[in-house]
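# Quick check, what structure comes out for this input:
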Amino acid sequence: MAFSPDGLLIVSGSDDRTVRTWDLKSGEALKVMRGHDNRVRTVALSPDGSVIASGSYDETVRTWSAQTGALIAVFSGHISFVLSVAFSPNGQVIASGSHDCTVCTWDVQSGQPLAVLRGHDRIVLSVAFSPDGALIASGSYDDTVRTWDAKSGVQLGMLEGHSGAVNSVAFSPTSGAFVASGSVDKTVRIWNLKSRCVLQVMEGHTSTVSSVAFSPDSAVLVSGSWDKTVRMWNAHTGAQLAILKGHKATGGLLS
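Have a look, this model is predicted:
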């Protein structure tokens, strides 16, 4: 799922092969986008809220008009499931991570592939752009986080330390100097990109960490886990700030 930049719209993808937009206030479904031939695994909204990107088990990335629901383009090139999509900050490039172990970048306007980023040894589960759009981070089943030059596709660094698949990655939004990662090894980590060293290892979850996100000021990191909790952490010290409980079920990333 994804929020529109103005917070008024929610976008969702489903096993029913559709992408849908919803009015946040009324809960009404506004548009139903059909075209994928298999379950929709991931969705993202462009920074201006005008374009939706979706990645599917049908091995494609598709873009849609958020206003009309019309299909804009189909990006073909991956040879297995597309598991993650992200827009660059200027909305001109999409990055996608796939079961085929690659990250691909695409020109949003033309729909043409720009680069294929190779280096991961296993499935790529998560991709993210740095705030300035210069870097891409990816998390993989090979237990690593990798960073790439977004323009050339050249691998810049490999962050090692997790002892399980990296399910989620996120850049610190203020400077982009740090990357957070959540893993099957139950930990959340924050990395310094310049030194390629881990700054904080946050332990507390009792099961797989499936998602991480920074607050807008980069001061707080939140993580979601298969242990049915959301946890809040001080991004500077690694101290746990809160445990949010209430979820009653968990789910598999590749279910």
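
# and Asp132, what does it touch?
Counting by Cβ atoms under 8 Å, 6 or more residues apart in numbering, Asp132 touches 89, 176. Every residue, glycine included, has its C-beta placed from N, CA and C.

# you'd agree Thr42 is up against Ile94?
No: counting by Cβ atoms under 8 Å, Thr42 stays clear of Ile94, with 11.0 Å between them.

# Quick check: neighbours shared by these two?
Common neighbours of Thr42 and Ile94 (Cβ under 8 Å, 6+ apart) are Val85.

# higher neighbour count, these two?
Ile94 (27 against 23; other Cβ atoms under 10 Å).

# Now the more buried one. Nearest residue, chain neighbours left out?
Nearest residue to Ile94, sequence neighbours excluded (Cβ to Cβ, 6 or more residues apart in numbering): Trp106, at 4.6 Å.

# I'd say the one you found and Ala115 touch.
No: with contact defined as Cβ under 8 Å, Trp106 and Ala115 do not form a contacting pair (9.1 Å).

# the more surrounded of these two?
Neighbour comparison, Trp106 and Ala115: the larger count goes to Trp106, with 23 against 20 (by other Cβ under 10 Å).

# for the more buried one, which residues make a bridge with it?
Taking DSSP bridges as the rule, Trp106 bridges to Ile94, Pro113.

# Report the contact partners of it.
By Cβ under 8 Å, 6+ apart, the residues touching Trp106 are 61, 75, 93-96, 112-114.

# try 7 Å this time
Contacts of Trp106 were listed using Cβ atoms under 7 Å, 6 or more residues apart in numbering, and they are 61, 75, 93-94, 112-114.

# buried subset of those?
For the contacts of Trp106, a burial check counting by 16 or more other Cβ atoms under 10 Å picks out 61, 75, 93-94, 113-114.

# Give me the contacts around stretch 142-157.
88, 93, 103, 105, 115-117, 119-122, 129, 133-139, 158-160, 162-166, 169, 179, 181, 191, 193, 196.

# Repeat the analysis, applying 6 Å as the threshold.
115, 117, 119-122, 134-139, 158-160, 162, 166, 169, 181, 196 (Cβ atoms under 6 Å, 6 or more residues apart in numbering).

# Show me which of those residues are buried.
Buried residues within those, counting neighbours by 16+ other Cβ under 10 Å: 115, 117, 119-120, 135-139, 159, 162, 166, 169, 181.

# Low-confidence regions, the chain specifically.
249-255 (pLDDT under 70).

# Relative to Asp100, how far out is His116?
That one is not His; residue 116 is Val. For Val116, the distance to Asp100 equals 10 Å [Cβ to Cβ, to the nearest Å].

# More neighbours: which of these two?
Using other Cβ under 10 Å as the criterion, Val116 and Asp100 rank with Asp100 on top: 20 against 13.

# Nearest residue to the more buried one in space, please, no chain neighbours.
Using Cβ to Cβ, 6+ apart, the nearest residue to Asp100 is Ser80, at 4.1 Å.

# Please tell me how far that neighbour sits from Ser218.
The gap separating Ser80 from Ser218 is 34 Å, by Cβ to Cβ.

# With only the CA atoms kept, save the host helix or strand of Cys104 in CSV.
For Cys104, the host element (DSSP states H and E) is strand 103-107. Output of strand 103-107 as CSV, limited to C-alpha atoms (Å, rounded to 0.1, in the frame of the first residue of the first chain):
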residue,chain,number,x,y,z
VAL,A,103,17.3,-4.3,-9.8
CYS,A,104,16.1,-2.5,-12.9
THR,A,105,15.7,1.2,-13.5
TRP,A,106,13.1,2.6,-16.0
ASP,A,107,12.4,5.9,-17.6
